[in-house]
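Visitor: I need the structure of the sequence given here:
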Amino acid sequence: MKTFKNILYVGEDTADQVSAVARAVSMAENNQARLTVIDVIAPVPEPHLSGTVQHHMQKLDSLVGPYRNRLTIKIDVLAGTTFLEVIRSVLRNAYDLVIKAAEDPDFIKRLFGSDDMHLLRKCPCPVWLMKLPEKTNYKCVLAAVDFDPLQFHASEQAFNTEIIDRAAALALSDTAFLHIVHAWEAFAEKAMLAHGDISIESVTAHVQKQQLIHQKELHRLGEALRNRIGADGYSKISPSFHLPKGPTKKVIPPLAAGLGADLVVMGTVARTGISGLIIGNTAEAILDQLTCSVLAIKPSGFKTPVKLDE
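Guide: Residues are numbered from 1 along each chain as shown. Purely as a prediction, here's the structure:
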């Protein structure tokens, strides 16, 4: 099962980051990973730059100070637009996870600010946005998967496997319960209902058949997970499977809230846009509604539009 080995924590001045940094440290320890903590500041004139950088370095040093005896933590201050400098840092240093406290988490129910959404859309590695105060241990981790059971796509299968494996690894490390959810809709159901000469019984039978097909694929994903982590690990996280019927963006957020999910692990590129640069509309609609922490993952074919030399 994949682990993170080179973690980047991004400072967020609008929030009390103590719990988020503690979580980043424990994540690095559990994965035996390197940890770098940075602040990104707005560009300032050269005469004042060194003083500003020094001030922020002192803040970072104070933030990570309590953990210096537990692991080596590198700190740095970058100047520029936050999401651009973070992504460029990922490209330069091959970070495999970005952790950041979510911007303005108390603004109504919208968890994600502008830099956050840019990172979700464009960062090439997984992005973990934490709702503060972050919990020391999660009790409930939810993995959201998307698939078309009528068409086999190897890239789609690999993407779902990574989502589930990342969620399972976190559930195992926290001794949390794992929930795997797939929202589905019956193919051509609305068209059949609109067609006056098709009986309700026929439509119902069609929907039930479609549900069984989706259920079978979800079960296959669960069995594949059991084979990868073994019976003991599988029993420890006790996966539950959910197959809510309806549009993904409408059924997943209330399910996450109802389960009391501490973390949702999901992909942020639509099935039809694996090589695209923009977050899928459905994923973005879900993220806007979630009120818990999120680990957002891109598929292996994703290419960031951000360049190092711009």
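Visitor: which residues in the stretch 201-310 of the chain form helices?
Guide: 248-259, 281-289 (DSSP state H, counting those that start in this stretch).
Visitor: shaky segments in this protein?
Guide: For the chain, the stretches with pLDDT under 70 are 1, 104-113, 152, 187-196, 269-283, 310.
Visitor: what helix or strand is the residue of it positioned farthest from its centre on?
Guide: Here the centre of the chain is the reference, and by C-alpha atoms, centre = their mean the most remote residue is Asp197, at 44.9 Å. Following DSSP states H and E, there is no helix or strand that holds Asp197.
Visitor: returning to that earlier point: can I get the helices of the stretch 201-310 of the chain in JSON lines including mean neighbour count and distance to Glu12?
Guide: C-betas here are computed from N, CA, C, even on glycine. Shown next, in JSON lines, are those (neighbours: other C-beta atoms under 10 Å; distance: least, C-beta to C-beta, whole Å):
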{"stretch": "helix 248-259", "mean neighbour count": "18", "distance to Glu12": "22"}
{"stretch": "helix 281-289", "mean neighbour count": "18", "distance to Glu12": "17"}
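Visitor: one step back: distance of the residue farthest from the centre of the chain relative to Thr136?
Guide: Separation of Asp197 from Thr136 (C-beta to C-beta, to the nearest Å) stands at 60 Å.
Visitor: if I pick Asp116, what's in contact with it?
Guide: Residues near Asp116 by C-beta atoms under 8 Å, 6 or more residues apart in numbering: Lys100, Ala102, Glu103, Leu129.
Visitor: what about those residues, which one has the most neighbours?
Guide: When neighbours are counted by other C-beta atoms under 10 Å, Leu129 leads the contacts of Asp116 with 28 neighbours.
Visitor: from memory that residue sits against Met117, does it?
Guide: No. Using C-beta atoms under 8 Å, Leu129 makes no contact with Met117, being 9.8 Å away.
Visitor: could I get stretch 30-40 in CSV with only the CA atoms?
Guide: C-alpha atoms of stretch 30-40 as CSV (Å, rounded to 0.1, in the frame of the first residue of the first chain):
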residue,chain,number,x,y,z
ASN,A,30,3.7,7.3,10.6
ASN,A,31,5.0,7.2,7.0
GLN,A,32,8.7,7.7,7.9
ALA,A,33,8.5,10.7,5.5
ARG,A,34,10.4,14.0,5.1
LEU,A,35,8.5,17.1,6.2
THR,A,36,8.9,20.6,5.0
VAL,A,37,6.9,23.5,6.4
ILE,A,38,6.7,26.7,4.4
ASP,A,39,5.0,30.1,4.4
VAL,A,40,4.2,32.0,1.2
